[in-house]
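Could you look at this predicted model? Sequence included:
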Amino acid sequence: MAPKRPPEREEETNFRARKKQKLNEARTISVQSPTDNAVAGPSGLGPIIQTSMKNLPGAIDVVKFAESRSYEINAMQSAMKTASSSSTHRAWQVLPRHLRRRAASHDPRRVPLRLRAKARAEMDPVKKKALGRNMPKLGKAKQIARTEILLKRQSQCYSSSSIQFTEVYVRQENKRWLETHIWHAKRMKMENMWGYRLAVTPTEKSFRPSHRASLHGSILHDASYEALVELKGPENVLTSILNVCCDPQSRVGKLASGGITLNTHFYEPNSYPFHLMCPVTIMWEPLSPRDHRSSSLKQGKKKGKRKATHHPQTDIPLSRRVWLRFHPAVFDDVFKALQSATSNALQDLKTRGAPPAEVEIADMRGEVSVFEIMGPKSSQVLKGALSPVMDNASDDFRKFWSSLGDLQSTGSIARNTVIGFTVYDPRLKYPPKNAKVHLNDTLNLSTVQLYPSSCLARSDIWDDSIRMKLKRPRFKKSELDERRSKNLVPGTPLKPQRQDDRIPILLIQRSVEQNDGGEAIHGWTLIIPAGWSMAFLPSLLFTGTRVGGQRERQAQFFEAGTACFPRDFPATSLYNSYSAERAKTEQDKWIRTPPAKRPNYEKLGTRSPWIADWDVVLGLKTAGAASSPDLVPTQREAQTARLVDAVDSENATLRAEIKDRREKRSMTGVPDLLNSGKLLESALVSVRLAPCSRGAPRDLAAIYSIPEETLKNAVSSNTRLGQVKIM
């Protein structure tokens, strides 16, 4: 038998009684004692005749009435104040989730100014330690020595080149920090991924708020970890290199003006449609006016009596730059593929007797920082945080910037439109105003008729020398705060001076959407020089946008019905490592779970519960016999005789179409699998499933085929299904 609880002490009882009495007094509204000199008629103590309204005054004096009731008003206000202050919630618990800080329970400076007095009153008094009882902490000397070493190393890095400055953020060889790492580490759950220390998800409950922000507000994601490769050389050579590596359906050469980026897939050279590596975004450097004139002279044709004049300088091939942005985990494979394709292209020029050419392939990782701002309010966020330099701005850009604040969605702009301009240091006007959508029918971007062009896309961020000069901000935040303190009117933004930095940036329209349905999410991709992430991030966040990690970014792709790399690309090598790592995590979690609380996959007949068995699903392998006779295998059935002819004809049609596209791109050789009859065995098509009622399937959920009779009964009995066509 458990021992009885000891009787409560008298001190504890008295404390509880005092606390209860204090709460009752705080929630009691004091009442003024009745007097004989009451002024306002109906509220006096005299008799009130309810049968007649003749004694009621026709009008009352508001000032005198308020003065006569001043005691009651003040008593009610003070009671409300004391009742709220004496509640069971502390000061930091009253705040909304996005304003709560981890140290607010013991540091009153972590709460807003209006609640600091209450927070100080709630703090426990400091307990003084008894003299002579302080024990020396072990390792104190080592901690001081380590601090001195870190400070010395940091000062050396600040005084040395910018390359050594990045070594401050390197703690281990297998990962790197982004410029916003410290900011994210205080608010997000971090993991090592793809050679970086990246944010996975916020520590607060934010799954639904992040989804609502992407649909109705704005959400920001730091995508500076993406790999970037620069190709520099003649335009015709660069086009041939990209043609043998990219999807033949993409228009690589037609988008060389630089006004629009291209989202396509990257393959091994001359291997399409096999050996897919990753999705890639191709960005051409916009043509300058001089390049436009030279290209127009090259296109002059000798027709009729007025023939084009020969210009010797136009015989020199036009040198261009192109950037390739892709996933960081496949950087080595893509870089080797580009080297191989470049060697083949230069060798082909040599065999044809063309003039020799040079192509430079540069690793641009760490040269720029990238922010993805998604949602309908992303335009207002950028308009409030950035201040463009309008000295040499074109008329098209002036129209675009004036209408950006009234833009309700970037989906009305042409897809992948590139806009280049220069902005002032965003810290000069910090804090910016909150993002608000102004409904204005007279000024809309559709009436401005913004068309992508190389003139609108020009930016100095392509220049290596300018990026090196802007590797570090010229002024620290403390220096800008000192300038701001000298303003006569507090809170006035600083006026840009001649010595202030001008930062070139790129703004790219970004859409996550699917052609056959799904919720389209539109926004912007902001590209800035390296070293300026923490200068831009506070201004972008102060305008009211949320921050998301890898989970929130994958949720955007899922809700839009678009494949997210690498989790939705089973034909790539990165998917195998990704799925194996996820399977190990899920299996370890399943092993730690008690047998009574976890599913028994052996009895359920699940062959591969933690990893997708694509070989069995596609019918390339035969699944083992199920342990239960009621279970039905889910892999593809063997082709019947009447389907063989149809499949063979589809194979022939598809094979001819692929060969035609390869010949248009001058792809040499034909893969062996293309000539075989197994072209459709590894073909996969993305399908979007929507539950008819409640419930949401998880990853690796099994999909079963329904008999036709059962399906007809379900459709007829459920009216919410709408029109369903049974194949």
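Right, received. Where do you want to start? Numbering: from 1, shown residues only.

what distance separates the start and the end of stretch 411-429?
End-to-end span of stretch 411-429 (Cα to Cα, to the nearest Å): 29 Å.

Okay, buried residues for it please.
Residues of stretch 411-429 classed as buried: 413, 416-429 (neighbour count, 16 or more other Cβ atoms under 10 Å). C-beta: built from backbone N, CA, C; applies to glycine.

Now, those that are in helices?
Per DSSP state H, helices hold no members of the buried residues of stretch 411-429.

wait, which of the residues you listed is closest to P496?
Closest approach between the buried residues of stretch 411-429 and P496, by Cβ to Cβ: Y424, at 4.7 Å.

Which pLDDT value goes with that closest one?
Y424 carries a pLDDT value of 96.

hang on, it packs against D391?
No. Look at Y424 against D391 with Cβ atoms under 8 Å: they stay out of range, at 11.1 Å.

so how far is the first residue of stretch 488-507 from its last?
35 Å.

Averaged pLDDT, that stretch. What do you get?
The model assigns stretch 488-507 a mean pLDDT of 91.

Show residues contacting it.
382, 386-387, 389, 418-425, 428-430, 457, 459-461, 463, 466, 470, 473-475, 480, 483-484, 487, 524-529, 532 (Cβ atoms under 8 Å, 6 or more residues apart in numbering).

rerun that using 6 Å as the cut-off
With contact meaning Cβ atoms under 6 Å, 6 or more residues apart in numbering, stretch 488-507 is reached by 389, 419-420, 422-425, 428-429, 459-461, 474, 483-484, 524, 527-528, 532.

what residues are up against the spatially closest residue to V547 that is not a sequence neighbour?
Counting by Cβ to Cβ, 6 or more residues apart in numbering, L220 is the residue found nearest to V547 once chain neighbours are left out, at 5.3 Å. Contact analysis of L220 by Cβ under 6 Å, 6+ apart lists F371, I373, L540, T545, V547.

Can you give me the separation between the residue nearest to P426 when sequence neighbours are not counted and S206?
Excluding the flanking residues, the one nearest P426 by Cβ to Cβ, 6+ apart is S539, at 4.1 Å. Noted for S539: a distance of 21 Å to S206, by Cβ to Cβ, to the nearest Å.

What strands line up against the host helix or strand of the residue nearest to V547, and which way round?
Assigned by DSSP states H and E, L220 falls within strand 219-222. According to DSSP bridges, strand 219-222 forms sheet pairs with strand 368-374 (antiparallel), strand 546-547 (parallel).

In the next helix or strand after it, which of the residues would be classed as buried?
Per DSSP H and E, the first helix or strand lying C-terminal to strand 219-222 is strand 227-234. Residues A227, L228, V229, E230, L231, G233, P234 are the ones in strand 227-234 that count as buried (16+ other Cβ under 10 Å).

name the element the closest residue in space to the fourth one that isn't next to it in sequence belongs to?
For E230, the nearest residue in space outside its immediate sequence neighbours is A362; the separation is 4.4 Å by Cβ to Cβ, 6+ apart. Counting by DSSP H and E, the element that carries A362 is strand 360-363.

still on that earlier bit, burial of the residue nearest to E230, as a residue count?
14 (other Cβ atoms under 10 Å).

okay, it: pLDDT?
95.

Need the residue closest to the centroid of this protein.
Nearest to the geometric centre of the chain sits H221, at 2.8 Å (Cα atoms, centre = their mean).

quick one: contacts for that one?
H221 makes contact with E372, G548, R553, according to Cβ under 6 Å, 6+ apart.

By residue count, what's the longest strand in the chain?
In the chain, with assignment by DSSP state E, the single longest strand is strand 502-512.

coming back round to it: L231 is in contact with the residue nearest to E230, correct?
No. Counting by Cβ atoms under 6 Å, L231 is not a contact partner of A362; they are 8.0 Å apart.

circling back to that earlier point, rebuild the buried residues of strand 227-234 as TSV, extending it with distance to R320 and pLDDT.
Listed next are the buried residues of strand 227-234 as TSV, based on distance: Cβ to Cβ, whole Å; pLDDT from 0 to 100:
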residue	distance to R320	pLDDT
A227	20	96
L228	16	96
V229	15	97
E230	11	96
L231	8	95
G233	7	94
P234	7	93
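
Nearest to V244 among these?
Looking across those and measuring by Cβ to Cβ, the closest to V244 is L231, at 13.2 Å.

Can you tell me who the closest one pairs with across the strands?
Taking DSSP bridges as the rule, L231 bridges to V322, I361.

L318 versus that one, what's the distance?
Taking Cβ to Cβ, one finds L231 at 14 Å from L318.

before we move on, what about T545?
T545 is 40 Å from L318, by Cβ to Cβ.

Those two: which has the busier surroundings?
Here T545 and L318 are set side by side on neighbour count (other Cβ under 10 Å), and the busier one is T545, at 25 against 14.

How about the contacts made by the more buried one?
Counting by Cβ under 6 Å, 6+ apart, T545 has contacts S218, L220, V381.

Out of the contacts of H221, who's the most crowded?
G548 (28 neighbours).

Averaged over its residues, which helix or strand of the chain has the lowest pLDDT?
helix 162-165 (a mean of 46; mean pLDDT, DSSP states H and E).

from the middle of its chain, how far away would stretch 687-705 be?
26 Å (Cα atoms, centre = their mean, to the nearest Å).

List the buried residues of that stretch.
Of all the residues in stretch 687-705, those buried under the rule 16+ other Cβ under 10 Å are L700.

how long is it from one end to the other?
One end of stretch 687-705 to the other measures 15 Å (Cα to Cα).

ok, H89 to A117 distance?
Taken as Cβ to Cβ, the span from H89 to A117 is 16 Å.

Double-check I219 against G548; I have them as touching.
Yes. Counting by Cβ under 6 Å, I219 does reach G548; the two are 4.9 Å apart.

so what sits against both of those two?
Common neighbours of I219 and G548 are listed as S210 (criterion: Cβ under 6 Å, 6+ apart).

For the stretch 1-150 of the chain, give me the ranges with low pLDDT.
Low-confidence segments of the stretch 1-150 of the chain (pLDDT under 70): 1-13, 34-55, 84-88, 126-150.

again with the stretch 351-500 of the chain
435-449.

Okay, strands next: where are they in this structure?
188-193, 196-202, 219-222, 227-234, 262-267, 276-284, 319-326, 360-363, 368-374, 418-424, 502-512, 521-529, 546-547.

so can I have TSV of those showing distance to I241?
Shown next, in TSV, are the strands of the chain (distance: least, Cβ to Cβ, whole Å):
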stretch	distance to I241
strand 188-193	29
strand 196-202	28
strand 219-222	30
strand 227-234	7
strand 262-267	11
strand 276-284	11
strand 319-326	9
strand 360-363	9
strand 368-374	22
strand 418-424	21
strand 502-512	22
strand 521-529	23
strand 546-547	37
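
Which stretch among those strands approaches F65 most closely?
Closest approach to F65 among these is made by strand 546-547 (48.3 Å; Cβ to Cβ).

Check the offset of the closest one from the chain's centre.
From the chain centre to the centre of strand 546-547 is a distance of 8 Å (Cα atoms, centre = their mean).

From what I see, T410 and I521 are in contact.
No. When contacts are counted by Cβ under 6 Å, T410 is not listed as touching I521 (9.9 Å).
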